[in-house]
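Asker: predicted coordinates and the sequence they were generated for:
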Amino acid sequence: MKGMSIIIKTISSWIKILIFLFGIYIIIFGHLTPGGGFAGGVILASSYVLIMLAYGRDYSEKNLPLPIASKLDSAGALMFIAIALFGLFYGAGSFFWNFIQVKFFADGHAAFDLVSAGTIPLSNIAIGLKVAASLFLVIFALSTFRPAENNDKE
Amino acid sequence: MAEVILFYFLMAFILIAALIAVETTDLLSAVICVGAIGFGCALFFLFLRAPDIAITQIVVEVLALVILIRVTISRNATFVTGDREFFASVVSVVILMMIFLMAVQVLNSLPAFGDAVFAEVTDSASKTYISQGMEKTGAANIVSAVILDFRAYDTLGEATVLFTSVIGAAVILRKRPRKLPEEPQI
Amino acid sequence: MLYALCFLLFVIGLYCAVVKKNMVKIVLGIVVMEYAVNLFLIMLGYRIGGIAPIAGPGDVEHGQMTAGFINASVDPLPQAIVLTSIVIGLGSLALMVSICIRIHEKYGTFDITEIRRLKG
């Protein structure tokens, strides 16, 4: 899989940055505007899928190596569970208790700010990492497979 | 009322795309028609006042099209050959028609389209989320507050399912089967 | 009526999954059923003339939501459930597609009636 023509390579090398930034924007502002961890994570994954389609599999593996991707996947899941457990052990809380909101923002002075809403932005970041890494790994696994005798022309 | 007419147009578009996707013999056309259904659904969600879902649906649809075209394009069998036996098909269609007619009877007993069902129930969960979600969690996006604070267990389960699907795809598409060390060589 | 049309979409997907012989067609039928269910759930929470459940600075007075927002917002609960359902659908679609690719490599066909016979 050598990748596509020079035009597509040049344009996708410009556009991948914009897609990546848009994904990060959607994740960070997820508690104020439409979007959130799910949509932003899928957008981040699709920027890497664009690199994979335009440049070929080897370049994309150099860009985001598979061990790092699987570690990001695990880091997202662990971060989400860590947030939940902090809520359980910090104060008289319960699982997924929004302890930051109750301790610091309870009077509502930070409403509609970027730093507000307690654990929700942190959970958004965790879910975004998780979804992006998982979908990248799935599509990478689908694209690496080539049958033995039935030769694909990709 | 103009909105409901728009909904009927969108629904007709989606149904026509679904019929073409089911009945065409070319697999690539079928996949593209399923993409049309997905983008029609995204428009529908946007007009049903669900912008979160619309964004997610559009992005997911792009990735799903990439995955589906991956399975169809470089295979030598891209054309479909016929249905199953005639008798079995007829029986299936009759049973599906009966299911549809019964379901129409049931769906007529629901409240009409556009009447908010949750607003008539006293103390419904949705009302609580709308009226107190902002002051309890501080998040202006109430959908985000529901999925990450009130019902975060759902999101935890979703993360688990996604993890399982990654592991499943990786195991199924593994290059060569791993041999157990104590397996006797024949 | 819109509910019934939405169920018709579900029945079309079910027909595709039950009657067709090609494996990719079956996967497409399951995907169509999933879209129909998502659409139905979102439709249940809609109210005519409603607004999206996202508060702006004008919707809060003295720390409380205004009555205009409470009485006009659509239901946020089905939206939250469908949001997770869509992403799970993408994961399960990838799983189904990988199974299809594996079977095509082993048997050389997508036709499930030919797959049924055992082949060493």
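Answerer: Nice, I can see it.
Asker: only C-alpha atoms from now on, for both contacts and neighbour counts.
Answerer: OK.
Asker: ok, and what's touching stretch B:61-74?
Answerer: Under the criterion Cα atoms under 8 Å, 6 or more residues apart in numbering or on different chains, residues A:46, A:139, A:142-143, A:152-154, B:27-28, B:31-32, B:35, B:38-39, B:78, C:24, C:90, C:93-94, C:97, C:100-101 lie in contact with stretch B:61-74.
Asker: PyMOL command for the buried members of the residues you listed?
Answerer: Buried residues within the contacts of stretch B:61-74, by 16 or more other Cα atoms under 10 Å in any protein chain shown, are selected in PyMOL with:
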select buried, (chain A and resi 46+139+142+143) or (chain B and resi 27+28+31+32+35+38+39+78) or (chain C and resi 24+90+93+94+97+100+101)
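Asker: next step: the contacts of stretch B:61-74 restricted to helices.
Answerer: Counted as lying in helices by DSSP state H, out of these, are A:46, A:139, A:142-143, B:27-28, B:31-32, B:35, B:38-39, C:24, C:90, C:93-94, C:97, C:100-101.
Asker: show me what residue of chain C gets nearest to chain A.
Answerer: C:E105 (5.8 Å; Cα to the nearest Cα).
Asker: where does residue 110 land on pLDDT?
Answerer: I went with chain A, as the question did not name one. Looking at A:A110, its pLDDT is 66.
Asker: right idea, wrong chain: chain C
Answerer: For C:F110, the predicted pLDDT is 78.
Asker: and for it, the neighbour number?
Answerer: 23 (other Cα atoms under 10 Å in any protein chain shown).
Asker: ok, and does the helix or strand bottoming out on mean pLDDT in chain B reach over to chain C?
Answerer: Confidence across the helices and strands of chain B bottoms out at helix B:117-120, with a mean of 74, counting by mean pLDDT, DSSP states H and E. Yes. Contact of helix B:117-120 with chain C (Cα under 8 Å from any Cα of the partner chain) involves B:117-118.
Asker: what about the helices in chain C?
Answerer: C:2-19, C:23-44, C:67-72, C:76-107, C:112-115.
Asker: of those helices, which approaches A:I15 most closely?
Answerer: helix C:76-107 (23.8 Å; Cα to Cα).
Asker: which elements pack onto that closest one?
Answerer: helix A:37-55, helix A:120-144, helix B:51-72, helix B:125-137, helix B:142-145, helix B:152-172, helix C:23-44 (3 or more Cα pairs under 8 Å, 6 or more residues apart in numbering or on different chains; DSSP states H and E).
Asker: taking helix B:152-172 as reference, get the angle to that helix.
Answerer: 10 degrees (axes from the mean of the first three to the mean of the last three Cα atoms, to 10 degrees).
Asker: so for helix C:76-107, what gets flagged as buried?
Answerer: So, applying 16+ other Cα under 10 Å, buried residues of helix C:76-107: C:76-105, C:107.
Asker: cool, stretch B:150-169 as well?
Answerer: Quick answer for stretch B:150-169 (16+ other Cα under 10 Å): B:150-152, B:154-156, B:158-159, B:161-166, B:168-169.
Asker: if we can go back for a sec, worst average pLDDT in the helices and strands packed on helix C:76-107?
Answerer: Across the helices and strands packed on helix C:76-107, the lowest-scoring stretch is helix B:125-137, with a mean of 80.
Asker: whichever strand or helix holds B:A17 close to chain C?
Answerer: Assessed by DSSP states H and E, B:A17 sits inside helix B:2-23. Yes. Helix B:2-23 reaches chain C (Cα under 8 Å from any Cα) through B:8, B:11, B:15, B:18-19, B:22.
Asker: kindly write the PyMOL command that selects the buried subset of these.
Answerer: Here the buried members of the residues of helix B:2-23 next to chain C are turned into a PyMOL selection, burial being counted by 16+ other Cα under 10 Å:
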select buried, chain B and resi 11+15+18+19+22
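Asker: my guess is C:L9 contacts C:M33, does it?
Answerer: Yes. Here C:L9 lies in contact with C:M33, judged by Cα atoms under 8 Å, at a distance of 7.1 Å.
Asker: and for residue 39, the neighbour number?
Answerer: Assuming you mean chain A. Neighbours of A:A39 under the rule other Cα under 10 Å: 30.
Asker: the intended chain is chain C.
Answerer: C:L39, neighbours per other Cα under 10 Å, totals 21.
Asker: same deal with A:F22?
Answerer: Neighbours of A:F22 using other Cα under 10 Å come to 16.
Asker: and for B:G133?
Answerer: For B:G133, using other Cα under 10 Å, the count is 24.
Asker: cool, and B:F113?
Answerer: 17.
Asker: can you confirm it is in a strand?
Answerer: No. Read with DSSP: H, G, I helix; E, B strand; the rest coil, B:F113 is coil and lies in no strand.
Asker: next one: it relative to C:L8, how far apart?
Answerer: 16 Å (Cα to Cα, to the nearest Å).
Asker: quick check: which of the buried residues of stretch B:150-169 are also close to chain C?
Answerer: Checking those against chain C by Cα under 8 Å from any Cα, the ones in range are B:154-155, B:158, B:161-162, B:165-166, B:168-169.
Asker: backbone dihedrals for the residue in chain A positioned nearest to chain B, both of them.
Answerer: Proximity to chain B, evaluated over chain A using Cα to the nearest Cα, is greatest for A:A117 at 4.2 Å. Reported as degrees, to the nearest 10, the phi and psi values for A:A117 are phi 70, psi 20.
Asker: quick check: chain neighbours aside, which residue is closest to it?
Answerer: Using Cα to Cα, 6 or more residues apart in numbering or on different chains and skipping residues adjacent in sequence, the residue nearest A:A117 is B:G138, 4.2 Å away.
Asker: wait, isn't that neighbour in contact with A:F104?
Answerer: No. Counting by Cα under 8 Å, B:G138 sits too far from A:F104 to count as a contact (10.9 Å).
Asker: neighbour count for those two, which is higher?
Answerer: B:G138 (29 against 14).
Asker: ok so, going back, pick out the most distant pair among the buried residues of stretch B:150-169.
Answerer: So, those by Cα to Cα: farthest apart are B:F150 and B:A169, at 31.5 Å.
Asker: would you pull up the residue in chain B closest to chain A?
Answerer: For chain B, Cα to the nearest Cα, closest residue to chain A: B:G138, 4.2 Å.
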